[in-house]
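Trainee: Quick one, fold the following:
(2 chains)
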Amino acid sequence: MLTIALDAVTTAALLFIISSGLLIVFGVMKIINFAHAAFVTVGAYAALVGTRLGLPWALVLPLAFATGAACGALTEATIVRRLYQRPLDAILATWGLGTVIGQLVTLIFGREVQFVQAPITGTIDLFGLDYSAYRIAMIAAAVIVAVAFTGLLSGTRLGLSTRAVIMNEMLAQGLGVDSSRVRLVTFALGSGLAALAGALITPLSSVDPNMGLPWLISAFMLVMVSGGSLPTLAVSCIVLGGLQVIVSTFVNPILGGLTIAICAAIVLRIRPEGFARA
Amino acid sequence: MPEANQLSPAVPTAIGASATLRAMALVALVVGAVMLAPLMLDTYMLNILVRAFFVAIAAITVDIMWGYCGTLTFGQSAFFGIGVYALAITFTEYGFGPWQAVLAIAAAIIAAAAVAGLTGWLSFYPGSTPLYASIVSLVVPIVLVQILYSGGTFTGSSSGLVGFETFDLEFDNWFRLAGLALVATAVVALIMMRSDTGRLLKALRDNDERCTYLGINTSRYRIVVLVLTAIVASLAGFGYAAFGGVAAPENASFTFGTRLIIMVALGGRGTVIGAIVGALSIEVASAYLSGSLPYVWELIIGIALITVILAFPDGLLGVFKRIAYGGRPLENGATVQLRPMATATGTKAESGVAIEARELGKHFGSLSVLDGVQFKANRGELLSLVGPNGAGKTTLIRCLSDGRERSSGFVAIAGHPIDHLPPSRIVRFGLGRKFQAASVFETLTVAECLRVARTHRARPALASTSPVLELPAAAISVVERSGLADRRGEEARNLSHGLKQALELAMVLALEPEVLLLDEPTAGLTRAERQAFADILTSLASGDRLCILLVEHDLDFVRDISSRIIVLHQGRIALDGSVDEVVDSELVREIYTGQQSSSLRSAS
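Mentor: Okay, here's the model as predicted:
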């Protein structure tokens, strides 16, 4: 029972880390970045390269974030920026980019599955239960991401501009907010978070060129169901992530993998505003 | 009305006939080529092309969903896969034979229709976004593939099903069969997409909200189209498996679904032919290249997709058209004849309560945008709604026209309580709403926009375009006075702001409304255009006995035309009375000139 509870919380933490970057891009640009999975993969390979070079994890994580952010900034400036007026085309172009990144990674690193050693190994004793220490660390990581995110949005000038763009872009522009800069920074930040998430999940899963994809659909649905707010995203991750763990444990893992997508679709059909308060 | 006929010259039917003849000759030529081609191609090429033909049929269904209806769908592969597995499972379980074949086809159709119906119900409902529909379409093939993986020997799990007995035809005949199926699908799709119904689908793509406010149940149309395209895609999958004798989970995967989208994007969306061009070129190229350069080929496809979207949004076919026609605009509907309707449908009451609002409120949490709004308006009244910015005028209009908007209170339109009904239902009670910013169908011509507006009275033709468009006299008069009649073959996006406003008004009047809601209809118009608008509105109220509710800032304009004025202030009705009473009141003077009266100053 305790194992299931811990699994649920740590799964929710992982989902939160992965979807938070997607959420901020969705909030500002009203598009879903289909290359998000590719940026997760990029982060994972950055972590792979970093650890092979013998860098400490304190440097590996910033390296992954920076690589993702650089890719994101480049993507925004060359592709997404031209498609503001055509949101569905922007989705499709980011999807194309995802394919390109996936194939480039394959060409450079090969197709085979690789592994990264976790920085924190072993188990901790929690209420008389041995549980993976690294998974527990993920909860802390999710909390740090959430706090940093909230701090950035509510405590900085950039955050203020970003919130203004999220609420009313035309008005924000009229008030002198450089919304194209906000978009650039947001997209870079979202992609950087995707890469950071990729680096963080590598010790738990293997690294391969398509590793980001299985997470993508769940992340999409969580963002849709959360209606664009960070606290609601956290709630969605806990509820639906918990449900996923329960279904995987008691019914079967394949159905478990689909739980989030199916439940979120039904929730949205019955209550279009999702988990957000009306 | 003889003038109307003068402005609409008789249709030169000879042109239509010769175009039909040319199209039939072209189809005959293509069919001939399909019949003869097997004699000239080697077996390897035939093999590739037969598969490509079936894939192209699926690509056409993607084009209809995306290019025409505006729903980017990743899920058509799921329906293709359903067709593939319907055949494979039936023949594996029960062997091959006539009744098994019928059973397999029936299973393919029924399963595809059922899954599409469920998907449509999840994707399309009042208030759902195109983005959301896209994501649901992505979930469908993923769920289906997981089901196939976990189906054990029944579905063959990850290795799929092989070795079942299937139709025994020679390669040449398979080629002819698949080729003819593709030609038939393309011809039917083209005829339907160019018909009045096809224009309606484009209208859904251009402006879903406007469609809803024209009384069109857009969700239902989208679901019907999804179910029909799903059946076609499923039958294409059926043919694909019958030829190949293999069923693999990849046939249903979302990777294949995105491949179909890439084909349509590359060939040119919204053209049907573009989908075929894209599908055949990618299928043939990938047969030759994917073996020798597997990853590089995928890389090329990805780069090609990005390039096409950024630089050539209308695909190869669009580039070709631009070179061939030099970007000349194609005139559609120039020959459509506008005709006033014989008599007004139904004899409507000349008087009576048209709008009734009781204790109407709209709250966001603790913030009240509207509170306790209560008024009645009769037929023949021209009621103006004035008030400072943020007083809640547009919100009030929204609450009167969409049953799901208000937080509390009661609204009835022409005697019908609107409950929590969506706008498409309320429009049928006799409501017409013109938006603040001109809301028309940008890529449709003036005549097509007006025909879409008649959808709920005159069902559009499924396979043809009608040369005659019957409109109520009020709509005809707006079309003629504004000068739209001479430009009825032009796309709406090329019209001036004033003409767009006039077109939208004509579209709304084509609904034969009893209640007309207008949100700042004269904003941004020239003086002459405003005067024309004023004349039209007063004659609609006094002549046609419409109840008109007008949101307006210009007090002079309001004074000239209104029969009554309501002043909305901070979400409440501050004044409700005749023009003189309201215009000369202290409150209005204060709001509009900023002068604070002495009594208010001392109070605050």
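Trainee: now the closest residue to residue A:30 other than its chain neighbours: how far from residue B:134?
Mentor: The shortest distance from residue A:30 to any non-neighbouring residue, by C-beta to C-beta, 6 or more residues apart in numbering or on different chains, is to residue A:87 (6.3 Å). The C-beta positions use only the backbone N, C-alpha and C, and glycine is treated the same way. Here residue A:87 is placed at a distance of 10 Å from residue B:134 (C-beta to C-beta, to the nearest Å).
Trainee: Residue B:359 and residue B:399: what is the separation?
Mentor: For residue B:359, the distance to residue B:399 - C-beta to C-beta - is 12 Å.
Trainee: need the contact list for residue 255.
Mentor: Answering for chain A, as no chain was given. A:247-248, B:146 (C-beta atoms under 8 Å, 6 or more residues apart in numbering or on different chains).
Trainee: could you do chain B instead?
Mentor: So residue B:255 contacts residue B:77 (C-beta under 8 Å, 6+ apart).
Trainee: circling back: so what's the residue nearest to residue A:30 up against?
Mentor: Contacts of residue A:87 by C-beta under 8 Å, 6+ apart are A:30-31, B:130-131.
Trainee: what do you get if the cut-off is 7 Å, keeping everything else the same?
Mentor: A:30-31, B:131 (C-beta atoms under 7 Å, 6 or more residues apart in numbering or on different chains).
Trainee: can you check residue B:371 too?
Mentor: Contacts of residue B:371 by C-beta under 7 Å, 6+ apart are B:361, B:571-572.
Trainee: Given the helix or strand hosting it, what are its sheet partners and their directions?
Mentor: Here residue B:371, judged by DSSP states H and E, is contained in strand B:367-378. Partners of strand B:367-378 in the sheet, by DSSP bridges, are strand B:353-364 (antiparallel).
Trainee: helices or strands next to the longest helix seen in chain A in the packing?
Mentor: In chain A, assigned by DSSP state H, the helix with the most residues is helix A:2-29. Applying 3 or more C-beta pairs under 7 Å, 6 or more residues apart in numbering or on different chains; DSSP states H and E, one finds that helix A:2-29 contacts helix A:36-52, strand A:129-132, helix A:133-155, helix A:157-167, helix A:179-201, helix A:213-226, helix A:230-250.
Trainee: Mind putting the ones you listed into CSV with mean pLDDT and distance to chain B?
Mentor: Shown next, in CSV, are the helices and strands packed on helix A:2-29 (pLDDT from 0 to 100; distance: least, C-beta to the nearest C-beta, whole Å):
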stretch, mean pLDDT, distance to chain B
helix A:36-52, 91, 10
strand A:129-132, 78, 26
helix A:133-155, 85, 19
helix A:157-167, 78, 13
helix A:179-201, 90, 16
helix A:213-226, 86, 5
helix A:230-250, 90, 13
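Trainee: Which among these is found nearest to residue B:253?
Mentor: For those, proximity to residue B:253 was assessed by C-beta to C-beta; helix A:213-226 is nearest, at 11.2 Å.
Trainee: now the closest one and helix A:230-250, what's the angle there?
Mentor: 130 degrees (axes from the mean of the first three to the mean of the last three C-alpha atoms, to 10 degrees).
Trainee: Identify each buried residue in helix A:213-226, please.
Mentor: A:213, A:215-226 (16 or more other C-beta atoms under 10 Å in any protein chain shown).
Trainee: With stretch B:298-308 instead?
Mentor: For stretch B:298-308, by 16+ other C-beta under 10 Å, it's B:298-302, B:305-306, B:308.
Trainee: check these against chain A, which are close?
Mentor: When contact is defined as C-beta under 7 Å from any C-beta of the partner chain, the buried residues of stretch B:298-308 meet chain A at B:298-299, B:301-302, B:305-306.
Trainee: tell me which of these is nearest to residue B:324?
Mentor: Looking across these and measuring by C-beta to C-beta, the closest to residue B:324 is residue B:305, at 24.3 Å.
Trainee: That closest one: which element?
Mentor: Using DSSP H and E, residue B:305 falls within helix B:294-311.
Trainee: neighbouring contacts of that helix?
Mentor: With C-beta under 7 Å, 6+ apart, helix B:294-311 has contacts from A:79, A:82, A:89, A:92-93, A:96-97, A:99-100, A:103-104, A:106-107, B:262, B:265-266, B:286, B:289-290, B:315.
Trainee: got it, and stretch A:143-152?
Mentor: A:17, A:20, A:159, A:230, A:234.
Trainee: give the contact list for whichever residue of the stretch 101-250 of chain A sits closest to chain B.
Mentor: Closest to chain B within the stretch 101-250 of chain A is residue A:103: 4.0 Å, counting by C-beta to the nearest C-beta. Residues in contact with residue A:103 (C-beta under 7 Å, 6+ apart) are B:295, B:298-299, B:302.
Trainee: which SSE is it in?
Mentor: helix A:87-109.
Trainee: what number of residues lie near residue 122?
Mentor: Picking chain A for this. By other C-beta atoms under 10 Å in any protein chain shown, the residues close to residue A:122 number 9.
Trainee: was after chain B, sorry
Mentor: Neighbours of residue B:122 using other C-beta under 10 Å come to 20.
Trainee: Just confirm it contacts residue A:265, I think it does.
Mentor: Yes. With contact defined as C-beta atoms under 7 Å, residue B:122 reaches residue A:265; the gap is 5.2 Å.
Trainee: Return every residue with contacts to both of the two.
Mentor: residue B:136.
Trainee: For PyMOL, write a command that selects the buried ones of the contacts of helix B:294-311.
Mentor: PyMOL command restricting those to the buried ones, with burial defined by 16+ other C-beta under 10 Å:
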select buried, (chain A and resi 79+89+92+93+96+97+99+100+103+104+106) or (chain B and resi 262+265+266+286+315)
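Trainee: What segments of the stretch 151-300 of chain B are helices?
Mentor: For the stretch 151-300 of chain B, applying DSSP state H, counting those that start in this stretch gives helices covering B:152-155, B:171-194, B:196-206, B:208-212, B:218-244, B:254-267, B:273-292, B:294-311.
Trainee: swap in the stretch 451-600 of chain B?
Mentor: With DSSP H, counting those that start in this stretch, the ranges of helices along the stretch 451-600 of chain B come out as B:473-482, B:497-509, B:527-542, B:555-561, B:579-583, B:586-593, B:598-603.
Trainee: Quickly compare those and say which is most buried.
Mentor: A comparison of those by mean neighbour count, using mean count of other C-beta atoms under 10 Å in any protein chain shown, puts helix B:497-509 on top with a mean of 24.
Trainee: quick one: contacts for the residue nearest to residue A:186 when sequence neighbours are not counted?
Mentor: Closest residue to residue A:186 apart from its sequence neighbours, by C-beta to C-beta, 6+ apart: residue A:28 at 4.4 Å. Applying C-beta under 7 Å, 6+ apart, we find residue A:28 in contact with A:162, A:165-166, A:182-183, A:186.
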